[in-house]
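Asker: sequence and predicted structure below; questions after.
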Amino acid sequence: MRKKMVIVLLVALCLALAACSGGEEVPETIKVGAVVPLTGAFAGGGAQVERGYKMAVEDINAAGGIYVEEYDQQIPVELVLLDDESDPNSTVAHLESLNSDEQVVAYLGGFGSGLHAAAAAIAEKNKIPYLGVAFALEAPHNQGFQYLFSPFPKSSDLSDAMFEMVNAYTDESNRPTQVAIFQEQTDWGVEMATLWRESAAKYGYDIVVDEVYTPGTTDYTDLILKAQDAGANMVLALPTPPDGFALYKQMGELGYAPDFAFMVRAADVPTWLDLGSVGDYVVLAPGWHNTMLYPGVEELNAAHVELMDRPADPMVGPAYSAIQILAHAIEEAGSLDREAVRNAIAATDMETMIGPVTFRDNGTGVVTAPFLQYQGGKIELVWPQEFATADLVVPAPPFDER
């Protein structure tokens, strides 16, 4: 009789434990998959994104992990990060393997709109929530994707805001209104150039040069000479870092220093400083700056100084915020179910490293769109003016006066 009672009690205990755990074994980690360009054309930006992800995961795990109600305990995050070598075909292949081999809860993207565009369709096919920063291209968000989210300024956020900024800092006596557009022949290049044309007309600017080039071009002499001959005192472009370096080096050799230059993407990487004074006074829009002291930024800067001997690079903050958003969503979902996590991301309304974040129905983020400028070899925040660490320098001085 006693033996039977012991068996009954053991069975009851096992049933109770199974009920408490939902009948499922608690996973050792929460697997999150990231595909980031650590080599190739986008490696400079990808390194910043990787750093932001890793720093955020380290902070979360140091605090015990993410609380998941389904298991009633905190679970550490495991970041499975793969290098796509700046190749969208590799991006796709890696995302598929993260689904089939790792069964990740969510995807994190890399650096560069073309890579994100390739990833968006895979996330949709696999029904895995995807968070992408360093991703201004809007077109994928207009395709009805339900699993694509981007807490990052988009092309339309950047176009009007740029002209508003220049108008705010200038008047008719010093405003650079003769515009040269150097359009990269890519989806994002076409999207951004189209918006620049529309915004230029709206804000009273004249486009005097509108030229197209192929990614990987090494000789930009023809474009530069056309802009010089047309008297273009504003240059708008979104080259990859290698293309941007080549373009600006040749601008320096030809003595072409526009009053205002906006180099989307190319100037985001720390190696832009290698151009010296030639690369000075260029404006960039990487989505964040380390002087925007939202909660946690001071601590992030201190950790980044210890790691890299400088405050956090521009892409580190947005990447860190993507992990914050995902962690918050998992806690809100109370589950590692991908659909539940996706719905929680869509409902995001929180303060992050980059400030307040919510999402529109198409997955685009409602976020601040800051503009920075290289000034004397240092990056200054020039817009919005409420956060500015320095005024926008416009017109930029000629190369021989820097």
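Answerer: Structure received.

Asker: so when I look at L81, I'm seeing a strand, right?
Answerer: Yes. Using DSSP: H, G, I helix; E, B strand; the rest coil, the assignment for L81 is a strand.

Asker: next one: it from G216, what distance?
Answerer: 26 Å (C-beta to C-beta, to the nearest Å). The way it works is simple: take the backbone N, C-alpha and C, and place the C-beta from them, glycine included.

Asker: just S156 next, same as before
Answerer: In terms of C-beta to C-beta, S156 sits 27 Å off from G216.

Asker: which of those two has more neighbours?
Answerer: More crowded of S156 and G216, by other C-beta atoms under 10 Å: S156, with 17 against 10.

Asker: which residues are in contact with the residue nearest to M350 when sequence neighbours are not counted?
Answerer: Computed as C-beta to C-beta, 6 or more residues apart in numbering, the closest residue to M350 that is not its neighbour in sequence is H328, at 5.6 Å. Contact analysis of H328 by C-beta atoms under 8 Å, 6 or more residues apart in numbering lists 344, 348, 350.

Asker: residues touching the first one, list them.
Answerer: Spelled out, it's A344. 328-330, 332-333.

Asker: who wins for most neighbours among those residues?
Answerer: Result: I330 is most packed of these (other C-beta under 10 Å), 28 neighbours.

Asker: isn't that residue right up against I30?
Answerer: Yes. Between I330 and I30 there is a contact at 6.8 Å, judged by C-beta atoms under 8 Å.

Asker: residues shared between the contacts of those two?
Answerer: 66, 68, 105, 336.

Asker: wait, doesn't the last one sit right on V68?
Answerer: In this case it means L336. Yes. The pair L336 / V68 is scored as a contact, 6.3 Å apart, by C-beta under 8 Å.

Asker: what touches both of these two?
Answerer: In contact with both L336 and V68: 30, 330, using C-beta under 8 Å, 6+ apart.

Asker: can you give me the helices in the stretch 201-350 of the chain?
Answerer: 221-229, 241-253, 297-308, 316-333, 338-346 (DSSP state H, counting those that start in this stretch).

Asker: ok, then the element right after the worst-scoring helix or strand of the chain on mean pLDDT?
Answerer: Lowest mean confidence among the helices and strands of the chain (mean pLDDT, DSSP states H and E): helix 2-20, at a mean of 43. Next helix or strand after helix 2-20 toward the C-terminus (DSSP states H and E): strand 30-36.

Asker: next, the buried residues of whichever strand or helix holds N167.
Answerer: In this assignment (DSSP H and E), N167 forms part of helix 155-169. By neighbour count on 16 or more other C-beta atoms under 10 Å, the buried set for helix 155-169 is 155-159, 161-163, 165-166, 169.
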